[in-house]
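K.L.:
okay, predicted coordinates and the sequence, questions at the end:
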Amino acid sequence: MEGEGSNGDTEKGAPSSIIGEISRPARMSSVAELVEFVSSVERKEGLSDGRIDEVEVAVREALRTIIQAAAEGQSGDITITCRHDHWGKLMVTIEDRGDAFNILLADVVFQGEENPVDEKRRASARLIKKMIDNIEQKRVDATNVLTFVVSPALRTKH
């Protein structure tokens with residue numbers, strides 16, 4: 001795996017450890033390779049096939065939405081980093097340097113606003129929230145940072 005590395009500290013309270021990292025151009029043609037990277041990490045982590053499928057759906061939707069909403073026409077990369085958090089849980093972080101965009105608000109209509117988001121983005125946001133337990137979105141130093149904390153438990157019934 002590209003950029004693979006780990007400091008071995010996954011005990012509770014220990015610093016987070018990077019499992020692997022990949023960067024590819026922010027283009028639709030990169031989506032399949034980026035999703036496969038995350039899936040390969042999940043397989044090594046021992047997640048069930050069903051859970052891997054769910055996370056693949058969420059990562060694919062997130063990447064497509066990011067490319068369409070924030071990175072379209074940009075020349076930058078999307079970077080995915082997989083790591084263990086301080087408690088040993090798998091974290092998948094997706095970073096891009098495109099326009100500021102919060103995927104978690106794509107399905108929210110604020111009081112007094114008309115529907116500002118198209119239905120495709122709204123459906124993507126809902127699907128991602130359905131598949132992932134804990135999601136965080138922030139903007140740091142002109143970078144959109146989307147983090148999924150992936151639990152091993154299935155979110156949907158197959």
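P.N.:
Looks like it came in fine. Being a predicted model, the structure only gives us computed values, none of them experimental.
K.L.:
which elements pack onto the helix or strand bottoming out on mean pLDDT in the chain?
P.N.:
Within the chain, no helix or strand scores below helix 119-131, which has a mean of 82 by mean pLDDT, DSSP states H and E. If you count contacts as 3 or more CB pairs under 8 Å, 6 or more residues apart in numbering; DSSP states H and E, helix 119-131 packs onto helix 49-66. Backbone N, C-alpha and C define where each C-beta goes, glycine included.
K.L.:
for the least confident helix or strand of the chain, buried residues please.
P.N.:
R121, S124, A125, L127, I128, K129, M131 (16 or more other CB atoms under 10 Å).
K.L.:
that helix to helix 49-66, inter-axis angle?
P.N.:
Helix 119-131 runs at 150 degrees relative to helix 49-66, counting by axes from the mean of the first three to the mean of the last three CA atoms, to 10 degrees.
K.L.:
centre of the chain to helix 119-131, how far?
P.N.:
13 Å (CA atoms, centre = their mean, to the nearest Å).
K.L.:
now the buried residues of helix 119-131 in TSV, with distance to T156?
P.N.:
Formatted as TSV, the buried residues of helix 119-131 follow (distance: CB to CB, whole Å):
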residue	distance to T156
R121	21
S124	16
A125	16
L127	10
I128	13
K129	12
M131	7
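K.L.:
for the residues you listed, which one is nearest A100?
P.N.:
Nearest to A100 among those is R121, at 14.7 Å by CB to CB.
K.L.:
can you map out the strands along this structure?
P.N.:
Under the criterion DSSP state E, strands of the chain are mapped to 17-25, 77-84, 90-96, 134-140, 143-150.
K.L.:
tilt between the last one and strand 77-84?
P.N.:
Read that as strand 143-150. 30 degrees.
K.L.:
list the buried residues of strand 143-150.
P.N.:
Buried, per 16+ other CB under 10 Å, within strand 143-150: N144, V145, L146, T147, F148, V149, V150.
K.L.:
sweet, I'm off.
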